[in-house]
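K.L.:
Model the structure of this input:
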Amino acid sequence: MSKNINIDDERRNIIRRKDDYLKNIVSLHKDLSEIHDLDAVLDYMLTKARELTNSDSGTIYIKEDDKLNFSYAQNDSLFTSNLDNKNLYLNASVDINSKSISGYCAKHGKLINIKNAYKLADSLPYKFNSKPDKKSGYHTKSILTAPIMNVQNKVIGVIQLLNAQNLEGKIIKFSKTDELLITYFANNVSMHIERTDLTRKMILRMIRMAALHDIEETAPHVNRVGAYSSELYEHWALKNEVRKSKIKLMKGNIRLSAMLHDIGKLAVSDLILKKPARFTTNERDVMKFHTIYGARLFSEPDSEVDTLAYSIAMNHHENWDGTGYPGKIEDIFSNQIQIKAGKKNNEIPIEGQIVKICDVYDALISHRCYKNAWSKDQTLQAIKCGSGTEFNPKLVKYFFEIYDTIDAIRKKYSENNH
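P.N.:
As a prediction, this is how the structure comes out:
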């Protein structure tokens with residue numbers, strides 16, 4: 001009798017997941033069309049895929065040349081809070097060949113459904129890599145690996161789900177229904193992966209153009225500041241009980257917007273930007289206008305990213321105690337702008353406060369033409385000392401709470417990796 005009840009429960013569960021999928025697919029493209037950041041799309045995709053298959057863990061790889069680059073991961077057993085987001089910034093890749101499960105999937109464009117990773121037949125060309133399990137203490141059993149195909153029917157990535165669970169939480173094999181759902185789902189979101197990847201690449205092209213003018217404005221620097229800012233925003237938002245749906249959307253938008261924080265430097269003279277020494281008082285005053293020049297680029301916003309980019313450009317040099325710049329400017333297009341007393345405390349938008357601390361941290365710990373990189377201890381001490389003067393004290397506290405993630409980002413986007 002108990003067995004029949006369990007079978008009926010499983011059937012109801014499959015029907016429920018089909019119904020959920022049909023409901024979700026209607027709003028899928030609408031939701032994704034509002035997301036402009038690649039990481040946010042991958043997060044959304046992996047969350048939905050795991051909900052549909054009731055799986056404990058998952059990873060998405062994006063294809064670049066002959067490799068699959070580790071791009072996003074979720075694991076309910078290992079990553080128990082956003083303090084664990086350091087795992088999102090691993091520098092890892094898989095060769096596209098038949099030796100690994102994900103590599104085989106990408107090479108041949110075929111879905112792979114494995115009941116038990118530790119009991120693969122010797123005749124299979126691919127093997128299960130148990131090293132991550134041994135390192136983390138996780139135990140992988142069932143695996144569903146599917147190619148992500150674009151409209152040209154080319155593999156652009158791979159989604160891999162681990163450990164499907166039944167209603168009682170027992171690990172089971174992924175079903176045929178799971179196979180159909182994940183294949184259809186993966187192919188439907190491919191266009192959004194390509195769209196947001198293009199958006200990020202366009203921003204990085206703008207940064208490369210700026211780098212011709214400002215040697216400090218490198219792709220690794222803006223990637224670091226963008227990633228730091230998105231993680232610090234998420235932690236702040238959770239502490240302030242912001243809705244998780246809004247956090248997911250805003251986290252991606254802030255990442256993209258923060259990458260553009262210094263784009264206004266394009267309007268500042270090379271004689272100042274490329275000076276291999278500290279600025280004079282007059283040069284420093286001229287440099288302050290890069291905040292206004294940057295804001296002008298986003299003064300007619302078409303999206304939330306534009307709105308945030310405007311705010312960040314204007315406010316990322318404001319200090320918590322009011323000693324920053326440019327202050328309250330009534331007309332950013334005026335020919336007679338004067339830098340006024342800085343905004344103070346929560347007069348500064350939260351996104352400006354966040355990028356402020358992230359930009360200063362990266363500037364201190366990185367090499368500059370006028371200074372050597374500070375040590376980690378020196379840099380963190382400077383951040384602590386700036387609490388209550390340069391920085392919002394609560395954000396300083398949150399910054400240190402997620403420092404493992406901050407450090408992982410710094411290593412992933414180091415100058416040596418680009």
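K.L.:
Can you list the buried residues in stretch 407-417?
P.N.:
408-410, 412-413 (16 or more other Cβ atoms under 10 Å). Just so you know, the C-beta spots here come from the backbone N, C-alpha and C atoms, and that holds for glycine as well.
K.L.:
Columns pLDDT, secondary structure and distance to Gly342 on top of those, output as a markdown table?
P.N.:
As requested, these are exported to a markdown table (pLDDT from 0 to 100; DSSP: H, G, I helix; E, B strand; the rest coil; distance: Cβ to Cβ, whole Å):
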| residue | pLDDT | secondary structure | distance to Gly342 |
| --- | --- | --- | --- |
| Ala408 | 94 | helix | 32 |
| Ile409 | 95 | helix | 28 |
| Arg410 | 95 | helix | 28 |
| Lys412 | 91 | helix | 33 |
| Tyr413 | 91 | coil | 30 |
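K.L.:
possible to save these as JSON lines with distance to Lys265?
P.N.:
Output for the buried residues of stretch 407-417, formatted as JSON lines (distance: Cβ to Cβ, whole Å):
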{"residue": "Ala408", "distance to Lys265": "28"}
{"residue": "Ile409", "distance to Lys265": "22"}
{"residue": "Arg410", "distance to Lys265": "22"}
{"residue": "Lys412", "distance to Lys265": "24"}
{"residue": "Tyr413", "distance to Lys265": "20"}
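K.L.:
And the residues you listed, which is closest to Leu180?
P.N.:
Lowest distance from Leu180 to the buried residues of stretch 407-417 (Cβ to Cβ) belongs to Lys412, with 35.0 Å.
K.L.:
Could you report the neighbour count for the nearest residue to the closest one once chain neighbours are set aside?
P.N.:
In this structure, Lys412 finds its nearest non-sequential neighbour in Tyr89, 4.3 Å apart by Cβ to Cβ, 6 or more residues apart in numbering. By the criterion of other Cβ atoms under 10 Å, Tyr89 has 18 neighbours.
K.L.:
for the one 10 residues further on, same thing?
P.N.:
Applying other Cβ under 10 Å, we find 14 other residues in the vicinity of Lys99.
K.L.:
So it is in contact with Leu124, correct?
P.N.:
No. Distance between Lys99 and Leu124: 10.5 Å, which falls outside the contact criterion (Cβ atoms under 8 Å).
K.L.:
Which parts of the stretch 101-250 of the chain are helices?
P.N.:
101-108, 131-136, 176-211, 219-239, 244-259 (DSSP state H, counting those that start in this stretch).
K.L.:
okay, now Glu231: neighbour count?
P.N.:
Based on other Cβ under 10 Å, the number of other residues close to Glu231 is 28.
K.L.:
Show me what counts as buried in the helix or strand encompassing Leu395.
P.N.:
Per DSSP states H and E: Leu395 is located in helix 393-401. Residues 395-396, 398-399 are the ones in helix 393-401 that count as buried (16+ other Cβ under 10 Å).
K.L.:
for it, packing partners?
P.N.:
Contacts defined by 3 or more Cβ pairs under 8 Å, 6 or more residues apart in numbering; DSSP states H and E place helix 393-401 against helix 219-239, helix 350-365, helix 376-385.
K.L.:
Nice, that's everything, thank you.
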